[in-house]
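Participant: Next input, structure requested:
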Amino acid sequence: MNDFTIDIEQQLNRLGKDLQDFVERIVPLDDKEHDFIPDCDIIEGNETYAIRLDLPGMSKEEIHIGLKEHVLTVKGERVNERDNDQKYRRAERATGVFSRSFAIPENVDTA
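Facilitator: Residues are numbered from 1 along each chain as shown. Below is the predicted model of the structure:
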């Protein structure tokens with residue numbers, strides 16, 4: 001590939017990221033199917049992408065990851081377990097059903 005082709009590809013990747021950021025800002029977050037939205041970081045390296053979600057207290061078995069048509073989806077349910085004789089004095093940690101979806105660039109090898 002020449003420099004022009006590489007520059008065009010980089011510009012298209014940036015445009016895709018900007019569009020995804022825009023959509024995430026304007027889409028209402030009060031989706032009835034979700035009780036909370038875990039925070040995430042998306043990290044781009046020279047040859048890799050990484051997505052880190054804040055899901056403390058959850059096991060791998062409670063988290064479901066799927067990939068379809070270059071959309072990565074992470075979903076699950078976080079519950080607070082307590083005995084029947086216990087009650088909360090304060091409950092600040094979000095619980096319930098969550099789902100996060102991320103557009104994966106077309107040029108990423110998802111295999």
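
Participant: Quick check, pLDDT for the spatially closest residue to Ala50 that is not a sequence neighbour.
Facilitator: Residue nearest to Ala50 in three dimensions, not counting chain neighbours: Ile43, with 4.3 Å by CB to CB, 6 or more residues apart in numbering. For the C-beta atoms, the positions are set from N, CA and C on the backbone; glycine is no exception. pLDDT, Ile43: 90.

Participant: so who does Ile43 touch?
Facilitator: Residues near Ile43 by CB atoms under 8 Å, 6 or more residues apart in numbering: 49-52.

Participant: And Ala50, by the same measure?
Facilitator: Counted by CB under 8 Å, 6+ apart, Ala50 has contacts 41-43.

Participant: Ser99: which of the residues you listed is nearest?
Facilitator: Ile42 (16.3 Å; CB to CB).

Participant: Next, give phi and psi for that closest one.
Facilitator: phi -120, psi 120 (degrees, to the nearest 10).

Participant: and the one residue sitting closest to the centre of the chain, what are its phi and psi?
Facilitator: With distances taken as CA atoms, centre = their mean, the residue of the chain nearest its centroid is Arg100 (4.2 Å). When read as degrees, to the nearest 10, the backbone of Arg100 gives phi -130, psi 140.

Participant: same question, the one 4 residues further on
Facilitator: Reported as degrees, to the nearest 10, the phi and psi values for Ile104 are phi -100, psi 130.

Participant: Now for it: which residues touch it?
Facilitator: 49, 67, 70-72, 110.

Participant: Point out where the protein drops to low pLDDT.
Facilitator: Applying pLDDT under 70 to the chain picks out residues 1-2, 4-6, 23-34.

Participant: Mind doing that once more with 90?
Facilitator: 1-37, 44-49, 56-57, 69-71, 78-96, 102-111 (pLDDT under 90).

Participant: any chance you could map the helices in the chain?
Facilitator: 3-26 (DSSP state H).

Participant: Per the annotation, how does it divide into domains?
Facilitator: 1-29, 31-111 (automatic domain parsing).

Participant: This structure: strands as residue ranges?
Facilitator: 40-44, 49-53, 63-68, 71-78, 96-103 (DSSP state E).

Participant: Distance to Gln10 added to those, as CSV?
Facilitator: Below are these laid out as CSV (distance: least, CB to CB, whole Å):
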stretch, distance to Gln10
strand 40-44, 11
strand 49-53, 15
strand 63-68, 24
strand 71-78, 21
strand 96-103, 17
